[in-house]
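Undergrad: Got a predicted structure plus its sequence, pasted below:
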Amino acid sequence: MAKVYVTRELPIGGLDSLAEHHVDTNPNDRPLTREELLAVVKEYDGVISLLSDKIDWEIIQAARDKVKIFANYAVGYDNIDIARAAKAGIYVTNTPGVLTEATADIAWALLLATSRHIVAADKFTRLGKFQGWHPTLFLGGDFHGATLGIVGAGRIGQATARRAKGFGMKVLYYNRSPRPEFEAQDARGVDLKTLLAESDYVSLHLPLTPETHGLLDAAHLELMKPTAVLVNTARGPVVDEAYLAQMLSQGRLAAAGFDVYAQEPKIHPDLLGLENVVLLPHIGSASRQTRIKMAEMAAANVLAVLAGGEPLNPVLP
């Protein structure tokens, strides 16, 4: 009987298929410490990991004699040194596709909440400040006829763009190569500078790679309209948060929404006090159905490898 370790408690039912194996789960309501993770990888045949688990060369070295697979419970995998895992003969998998629609929903929740001041207006009302309808109270931006810029043209970016059609928006997208799927939605591919300069709303859907780290730096952020809104449901380090906070505080950008952060779970202190920022605790995929499907997919990858086969969703260097 193989041994599988799950580094954080997952939704009930998602790992039922692993019943034939010995499965242990982190009993603490927190990420594993580095020392705990080092101990785990020396004892278990498969590990279902989270983005909070930094699986670097030291962890892989400790795991190479025992672990056959790191099944990452996420579509992203920048927490794992993929190349070194491959050299050590350890499979790495992720959960692509299954969280596309849920994450696109959260991107739109942020777009709506930031543009129409939903969080600030809720706080205002709860504090007893609402004294009746006012013609200039919490004025926001329109969506109909506005331009949405999608940075990153993968599954989630495409799903976010599809929702824009219902609002009667124009859609621009930036990607390293043309995407026929986007063109079929009447979206127009442009370079990043053009997208930032022309868009009223910008939604980020990039993986974190050496090329995308810091992509939206000060120079790129300065291209945006002062009335524009930026939301990030991708990865925190693609944005210069400090400079963005400065623009928001000075009124040089209308609003921003975040579900991810550069130093997650730490949040840049300059963002915390801003009324024109909505901050979420990385809940892009947090629907019950989606999180269970993610667990089922991770379990299926583990089962395939422990049975001597190939994983269903391998991540290759």
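TA: Cool, the structure landed. Numbering: from 1, shown residues only.
Undergrad: Check the separation of the first and last residues in stretch 28-38.
TA: 16 Å (C-alpha to C-alpha, to the nearest Å).
Undergrad: And the next helix or strand past the lowest-mean-pLDDT helix or strand in the chain?
TA: Among the helices and strands of the chain, helix 180-183 carries the lowest confidence by mean pLDDT, DSSP states H and E, at a mean of 81. As assigned by DSSP states H and E, the chain's next helix or strand after helix 180-183 is strand 188-189.
Undergrad: Tell me the pLDDT of K225.
TA: At K225, the model reports a pLDDT of 98.
Undergrad: can you give me the strands in the protein?
TA: With DSSP state E, the ranges of strands along the chain come out as 3-6, 22-25, 46-49, 69-72, 91-93, 147-151, 170-174, 188-189, 201-204, 229-232, 255-258, 277-279.
Undergrad: Tabulate the ones you listed in JSON lines, adding columns for mean pLDDT.
TA: Formatted as JSON lines, these follow (pLDDT from 0 to 100):
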{"stretch": "strand 3-6", "mean pLDDT": "98"}
{"stretch": "strand 22-25", "mean pLDDT": "98"}
{"stretch": "strand 46-49", "mean pLDDT": "98"}
{"stretch": "strand 69-72", "mean pLDDT": "98"}
{"stretch": "strand 91-93", "mean pLDDT": "98"}
{"stretch": "strand 147-151", "mean pLDDT": "98"}
{"stretch": "strand 170-174", "mean pLDDT": "97"}
{"stretch": "strand 188-189", "mean pLDDT": "94"}
{"stretch": "strand 201-204", "mean pLDDT": "98"}
{"stretch": "strand 229-232", "mean pLDDT": "98"}
{"stretch": "strand 255-258", "mean pLDDT": "98"}
{"stretch": "strand 277-279", "mean pLDDT": "98"}
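Undergrad: mind putting the ones you listed in CSV, distance to V119 and mean neighbour count included?
TA: Yep, even glycine has a C-beta here, placed from its N, CA and C like the rest. Output for the strands of the chain, formatted as CSV (distance: least, C-beta to C-beta, whole Å; neighbours: other C-beta atoms under 10 Å):
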stretch, distance to V119, mean neighbour count
strand 3-6, 34, 22
strand 22-25, 34, 14
strand 46-49, 32, 28
strand 69-72, 31, 28
strand 91-93, 36, 24
strand 147-151, 21, 25
strand 170-174, 26, 22
strand 188-189, 32, 16
strand 201-204, 17, 27
strand 229-232, 13, 28
strand 255-258, 9, 26
strand 277-279, 5, 21
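Undergrad: Between those strands, which one is closest to A85.
TA: Among those, strand 91-93 comes nearest to A85, with 5.1 Å by C-beta to C-beta.
Undergrad: Residues touching that closest one, excluding its own?
TA: Residues from elsewhere that reach strand 91-93 (C-beta atoms under 8 Å, 6 or more residues apart in numbering): 68-72, 77, 80, 82, 85-86, 298, 301, 305, 311-315.
Undergrad: switch the cut-off to 6 Å
TA: With contact meaning C-beta atoms under 6 Å, 6 or more residues apart in numbering, strand 91-93 is reached by I69, F70, A71, I80, I82, A85, N301, V305, P311, N313, P314, V315.
Undergrad: Pick out whichever of those residues sits closest to D56.
TA: Nearest member of those to D56, counting by C-beta to C-beta, is I80, at 8.3 Å.
Undergrad: neighbours of the closest one, just the number please.
TA: For I80, the count of nearby residues is 24 (other C-beta atoms under 10 Å).
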